[in-house]
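[1] got a sequence here, can you model it:
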Amino acid sequence: MGLLKIFIFIFIILFPIAEAGRVQFANGVAVSINDVFLACLIIVWLGWHLYKRKKINKSVLLKPVILFSLIGLVSLVLNLFNLTFDKFLISFLYLARWAGYASLYFIVKEFDEKLRLKTSYVMLVSGFFVVLIGFVQYFFYPSLRNLYYLGWDEHLYRLFSSFLDPNFVGAFFVIYFLFTISFISGFLKKRDWFKFLAVDTVAFLTLVALYLTYSRSALIMLVVSIVVYLYLINKKKFILLILLGIFLSIFILPKSFQTEGTNFLRATSSESRVTTAQEALAIIQKNPLYGVGFNAYRFAQNRQGLGGPNWETSHGAAGTDNSFLFVLATTGVIGLAAFLWLVYELFLLGFINLKKNKFSIVLISLTAGLIFNSLFVNSFFYVLILEWVWILSGLTESN
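    Predicted coordinates:
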């Protein structure tokens with residue numbers, strides 16, 4: 001367990017490197033330093049179980065995770081006639097990656113209370129570095145124009161941090177903000193004023209960073225998550241006040257409405273999302289039952305003449321801007337049913353532990369927010385978001 005503890009801490013500490021630590025290979029294959037240490041962590045965890053001859057405990061999410069993984073695999077096998085071996089392998093590697101990040105839940109849920117507490121503190125520090133990197137980037141590196149050839153969008157005058165994408169980092173900031181405020185009441189009760197003020201400051205800076213992403217999907221997620229969070233802690237009278245504050249703050253942001261990227265009323269990205277949704281529906285109509293194969297969406301688009309000339313290198317071509325349409329297109333109605341069951345079980349996990357664990361409120365709130373966020377960006381399948389979702393799920397479940 002000692003070696004496992006070292007690896008989980010290193011893995012979480014390396015999180016702020018995010019997409020900046022990503023190595024891109026041919027045909028859209030990419031490996032990050034997070035992926036490498038995740039693989040090491042899983043090997044150590046499985047080795048520890050074998051050495052101790054210890055079975056993996058039953059858990060709330062075990063069946064839905066296994067079922068969705070199997071459906072993803074079956075969807076690929078049934079589409080073998082449409083995929084060359086290298087394309088099948090590329091798609092399968094992403095499925096294996098998804099299952100690998102899901103294993104974080106099973107790993108963390110086995111921690112004792114002392115290790116859970118240490119893990120949560122490491123997460124506090126690691127997440128704050130993403131915020132700090134974001135502020136440095138916002139003031140000294142305001143555009144990704146020089147990385148356009150690698151498939152990244154420009155994102156001029158927007159905070160994108162080491163995620164290199166304002167929408168995904170915005171969703172992460174919502175999760176991190178919920179995570180930080182879950183500590184506040186505890187520090188207040190203990191009258192630990194230093195930690196109380198430190199976490200308050202971190203929460204405030206996270207909100208500022210979130211707003212500087214100018215991400216509408218992240219703001220929608222923030223509104224939904226905060227409403228659910230306040231409802232669960234029985235602070236309903238603050239909901240209207242918080243919503244008014246969020247709305248008014250939009251108009252005092254620097255550069256608000258001055259450029260296309262920072263204009264909350266921008267139409268270009270909205271039109272793009274409509275287009276990608278229409279393309280997804282065209283693919284779904286031809287493959288309704290079991291889809292085109294998990295993460296084989298890029299290749300399906302190309303077969304149908306969609307995705308544009310940069311279909312092989314563009315990050316957006318790997319999926320559509322809607323997690324539910326992505327699941328439906330790649331695994332069909334069967335996969336969508338399994339995915340909805342998994343989301344339901346995430347809620348159930350939170351409600352089961354609502355009175356036992358402070359992170360249960362965070363899990364419920366972020367899941368509710370992600371449902372709305374994932375209607376506009378594919379956040380439910382973005383591994384840097386999933387990393388925190390699975391770890392928080394593990395911290396939530398009581399042994």
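[2] and residue 294, its phi and psi?
    Here is the backbone geometry of residue 294 (degrees, to the nearest 10): phi -60, psi 130.
[3] which helix or strand in this protein has the lowest average pLDDT?
    strand 22-24 (a mean of 75; mean pLDDT, DSSP states H and E).
[4] any idea which element residue 31 lies in?
    Following DSSP states H and E, one finds residue 31 within strand 30-32.
[5] which is the succeeding secondary structure element to that strand?
    Next helix or strand after strand 30-32 toward the C-terminus (DSSP H and E): helix 33-52.
[6] for that next one, packing partners?
    In this structure, helix 33-52 packs against helix 2-13, helix 85-108, helix 383-396, with contacts taken as 3 or more Cβ pairs under 8 Å, 6 or more residues apart in numbering; DSSP states H and E. C-beta: built from backbone N, CA, C; applies to glycine.
[7] direction included, what does the least confident helix or strand of the chain pair up with?
    When pairing is defined by DSSP bridges, strand 22-24 lines up against strand 30-32 (antiparallel).
[8] what are the buried residues along the strand it pairs with?
    Across strand 30-32, burial judged by 16 or more other Cβ atoms under 10 Å covers 30, 32.
[9] quick one: mean pLDDT for it?
    When pLDDT is averaged over strand 30-32, the result is 82.
[10] can you check stretch 67-77 too?
    pLDDT averaged over stretch 67-77 gives 95.
[11] distance from the chain centre to that stretch, please.
    Chain-centre distance of stretch 67-77: 21 Å, with Cα atoms, centre = their mean, to the nearest Å.
[12] buried set for that stretch?
    67, 68, 69, 71, 72, 73, 74, 75, 76.
[13] packing partners of the strand or helix carrying the second one?
    Residue 68 belongs to helix 62-78 when elements are defined using DSSP H and E. For helix 62-78, the packing partners by 3+ Cβ pairs under 8 Å, 6+ apart come out as helix 85-108, helix 323-352.
[14] any low-confidence regions in the stretch 101-250 of the chain?
    145-155 (pLDDT under 70).
[15] before we move on, back to that, farthest pair within the buried residues of stretch 67-77?
    67 and 76 (15.3 Å; Cβ to Cβ).
[16] I'd like the average pLDDT over stretch 368-388.
    95.
[17] what about that stretch, how long is it end to end?
    15 Å (Cα to Cα, to the nearest Å).
[18] still on that earlier bit, got a markdown table for the helices and strands packed on helix 33-52, with distance to residue 165 too?
    Converted to a markdown table, the helices and strands packed on helix 33-52 look like this (distance: least, Cβ to Cβ, whole Å):
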| stretch | distance to residue 165 |
| --- | --- |
| helix 2-13 | 21 |
| helix 85-108 | 17 |
| helix 383-396 | 10 |
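[19] and among those helices, the most buried is which?
    Highest mean neighbour count of the helices and strands packed on helix 33-52: helix 383-396, a mean of 23 (counted as mean count of other Cβ atoms under 10 Å).
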